Every structure is written in C-alpha cells, then in structure tokens.
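> let me see the structure of the following:
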Amino acid sequence: MQRRRLLGLAAAGVASVLAATTLSACGGSSSLSGNVTVHMVAADYGDPKTHNSSTEYWNSLAAAFEKQNPKIKVDVQVLSWDVVDDKVAQMVKAGSPPDIAQIGSYASYAAAGQLYSADDLFTVSEQSDFLPALSDAGSVDRTQYGIPWVSSSRMFFYNKKLFEQAGITSAPQTWTDVEQDAKALKANGVKVPYGLPLGTEEAQAEALMWMLGDEGGYTDTVGSYTFDSAANVDTFDWLKKHLVQPGLVQATDPAKTNRRDVFTAFLDGHAGMIMGHPTLLAQAKANHIDVGVAALPGKQGPSTDTLGVADWMMAFKQNGKKEADGKFLQFVYQEKNAVKFLDEYGLLPVTTSALQTMQDDPKYADLKKFLALLPDAVFYPVNKTSWGPVSDEVKRSIGQAVHADPKDVLSKLQVDASGLDNAQKSAQK
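Just a heads-up that it's a prediction; the model follows:
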C-alpha cells in the first residue's frame, strides 16, 4: 500500500528562522504598492456547547497581523465543517474564490491550476519546516499546493474501569484479543463492547485503521487503488465473523452508526473499546472516564501504523494577491501562532518546530503518544483528485462489507474507484 510517513525532523534552528522571516516567498523585499484586503474562508473547529468558535482565534490573529502590516487587511469568514467545503466550491464555480481557504481538500483546485504553489508563498526555510509526509501528501506532480494546517493521529481507546470490572488486565494487542475482551465486556453487561462506526460520517477512517492491522490499505506503492486486495477482504471477513455476527459491537447497525455515536457512548461510560483521537482523550478525561490509550491492535500483534489525518490551507491565484497571501500565511505559521490554535483544539502539529515544542513541553504529556506516532502515520491519498468522490463512496457503502460478502462489496468499490480515477486523469489531459 502507499504509505505517507513523517520521515524525520528537519535541521535544528528552523523555528527561529521561521519566526524571524517576513520576506515574501518570491525572495523579494518589495513592499505592496497599495492597500489590499485578503479574503479568507476557514473551517470552525469549535464546539457550540463550549462557545470556543475559531472566529475568535482568526480575528485576534488578523488584528495582530494588520498591526505589523498596515497595508494589508484580512477578512476571515469562519464556517462550520458541514458547509465550508461546499461554500468554497460554490465560490470557485461562481468565479469569485477566496484568496485563502482552510478546508478539507485541495487536490481538485490544484489539478485545475487554480492554486499558488508553496514555492510562491513561503521561503525555502519555511517550506522545510513542514513535516515531510505532509508536504508529500500536499503535492501534485511533485509540486506542493496543499499546505497542511493541522493534523491528528488515531489510537485505540479503552475504558479501564469497564476492563477491570470484566477481569481484563491489559489492552488488547491483536484482533483475537479484541474479540476475547469484547466477549468479557459483553458478559459483564457492557452495552457497547466495541464501537464500530461504519456510517457515513467517517467510515473511511474506521475502515482504514482496521485494514492497517493486516498490512492493507486504500492504495499501493504507486498510488493505485487496492480496495479488493486479499488483505482488505480478510480484514472485513474477520470483522463480520468475529465482531458483528456474534453481537460484540453496538446494538445499531455498524453501517448506519457514525463516529459521534460511539464517541458519545464512550463518553457516557457505555462503550468498552473504540478508536479515538486526541480531542476525544481530553473529552473523556473531562467526563471522568478512566481511559487507556494503546497502539491499534493488528492481526498478529500491535500495528506499527496508525491513521494520520490532516486539514489543508490553500491560496487561490485568481485575484493576484500572491505577496499579501504569502505574508499572511507566513505569519499564520509562525510557531507561537500555530501552537496557540493546536492548544485550543487539542490537535497535532504540521511543522517540525511546533512538534518539537509540544514534545518538550510537559503540558502536552497526554499528547505525547499521539505525537510519537506521527512518524509512522498513514494518510489518505488526498493528492489524488479522485479521492474526494471515492471517499464519499467509501462512506456510503463500505459498511455493507460486514453484512454481505466482503469480496463483492470491496470489488465494487475497486471498480468504482478505478473508474473515477481514470475519469479524473482523462479530464486533466
């Protein structure tokens, strides 16, 4: 399978260079000829229940930037994740794209020639600060257009209290361990022994985490889709026969169960085991759940891989504001500004400097296991322009692989994904 890994840390001293840099990525020291307004659309990472909308962060950051750059005004529109990608797509289609967008995907805009490259926006030293696998995931035809904004990695979560009550003394390391622990939890009255969300919210994540446990995945080393590989079929055959059919998952149909459903069950103390991310860890502790965190269980032992997820920043060329866009983005990615956002929402970094800061700071102790997994993270093939529609199809249909014949379900996904991939490639010629 294709693996996008964070292969190491860049040379020391990048953080100080990044913080000090104010020149445009073009290498010039020219000033703007007149006043300009940068229009940005950004996703909201806040929770309405806790009133921590990202609007406050962006307004504060824009004000600080404008104070240092009086010729540039920054107008940020913050939208919920439910609508932000569609809103930007509508703006682009109408011929009025934002200057900068912070959304979920970039590849289709890059393929259409609508984005500035990272070379246009950042200095060489700034670009070298991005974690290598994320720079790779943000590249199309070896040119980086997608600028990683935040990242996250996933781990296996278990409720220590429920484990202890069921007589389980350690975290599962293999799929067989998960099955045996689920049986013990169910026998002890736990409502959700393992929470298996294969509904439309994030089925592509749950599926990939299980695939990784048997050395499977969505693509091979050259980037071709591999949905119906023997390893992937074996993975879903195991899930069907060893967790779903014996009733060791939630009572609702896994194909109709979303991530938020099993997260809620875990936070309410009703779920014994799920796959989770750093934000869930903080929420669980706030709910007084005694939570254990471990590597993803694999078929033969603990998986050496984990799922990595990133959201993306991009700058559109149409309005010709390269210098202003670059200046603002350089400011945004300064270590102190980036870490402030990560700190607010419990997310992981995309730059070496921020990673080093968080690893060295005791206040991020709960995140250290997640940070340590980033070098082995496997990311979605987001640089494939077909991934957007393919991901949508995965969300709609892969849950059926725990009910019907997994080979049939995955073979249909393979045909659909290959067809979409070929169509996208033809459209780009």
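
> CA atoms for contacts and neighbours, from now on please.
Will do.

> contact partners of the biggest strand by length in the chain?
Across the chain, the longest stretch assigned as strand under DSSP state E is strand 306-315. With contact meaning Cα atoms under 8 Å, 6 or more residues apart in numbering, strand 306-315 is reached by 98-106, 115-116, 134, 145-155, 205, 208-209, 212, 295-296, 325, 373-374, 376-380.

> could you list the low-confidence segments of the stretch 301-429 of the chain?
Residue ranges of the stretch 301-429 of the chain with pLDDT under 70: 375, 428-429.

> where do the strands sit along it?
Here the stretch 301-429 of the chain has its strands, by DSSP state E, counting those that start in this stretch, at 306-315, 377-379.

> same for the last one, what does it pack against?
Taking 3 or more Cα pairs under 8 Å, 6 or more residues apart in numbering; DSSP states H and E as contact, the helices and strands that strand 377-379 lies on are strand 306-315.

> centre of the chain to the strand it packs on, how far?
5 Å (Cα atoms, centre = their mean, to the nearest Å).

> CA atoms only for the helix ranked longest in the chain, dumped as PDB, please.
Longest helix of the chain, by residue count under DSSP state H: helix 406-428. Taking C-alpha atoms only, helix 406-428 is exported to PDB below (Å, rounded to 0.1, in the frame of the first residue of the first chain):
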ATOM      1  CA  PRO A 406     -16.800  -8.500   1.700                       C
ATOM      2  CA  LYS A 407     -15.200  -9.600  -1.600                       C
ATOM      3  CA  ASP A 408     -18.300  -8.400  -3.500                       C
ATOM      4  CA  VAL A 409     -18.500  -5.100  -1.700                       C
ATOM      5  CA  LEU A 410     -14.800  -4.300  -2.000                       C
ATOM      6  CA  SER A 411     -14.700  -5.400  -5.600                       C
ATOM      7  CA  LYS A 412     -17.500  -2.900  -6.500                       C
ATOM      8  CA  LEU A 413     -15.600  -0.200  -4.600                       C
ATOM      9  CA  GLN A 414     -12.500  -1.100  -6.600                       C
ATOM     10  CA  VAL A 415     -14.300  -0.800  -9.900                       C
ATOM     11  CA  ASP A 416     -15.900   2.500  -8.900                       C
ATOM     12  CA  ALA A 417     -12.700   3.900  -7.600                       C
ATOM     13  CA  SER A 418     -10.700   2.900 -10.600                       C
ATOM     14  CA  GLY A 419     -13.300   4.400 -12.900                       C
ATOM     15  CA  LEU A 420     -13.400   7.700 -11.000                       C
ATOM     16  CA  ASP A 421      -9.600   7.800 -11.000                       C
ATOM     17  CA  ASN A 422      -9.400   7.200 -14.800                       C
ATOM     18  CA  ALA A 423     -12.100   9.800 -15.400                       C
ATOM     19  CA  GLN A 424     -10.200  12.400 -13.400                       C
ATOM     20  CA  LYS A 425      -6.900  11.600 -15.200                       C
ATOM     21  CA  SER A 426      -8.600  11.900 -18.600                       C
ATOM     22  CA  ALA A 427     -10.200  15.200 -17.600                       C
ATOM     23  CA  GLN A 428      -6.800  16.600 -16.700                       C
END
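
> let's have the chain start at 48 instead
Got it, the first residue is 48 from now on, which makes the last one we talked about helix 453-475.

> ok, residues contacting it?
By Cα under 8 Å, 6+ apart, the residues outside helix 453-475 that reach it are 158-159, 272-275, 280, 283-284, 431-434, 436-437, 440-441, 444-445, 447-448.
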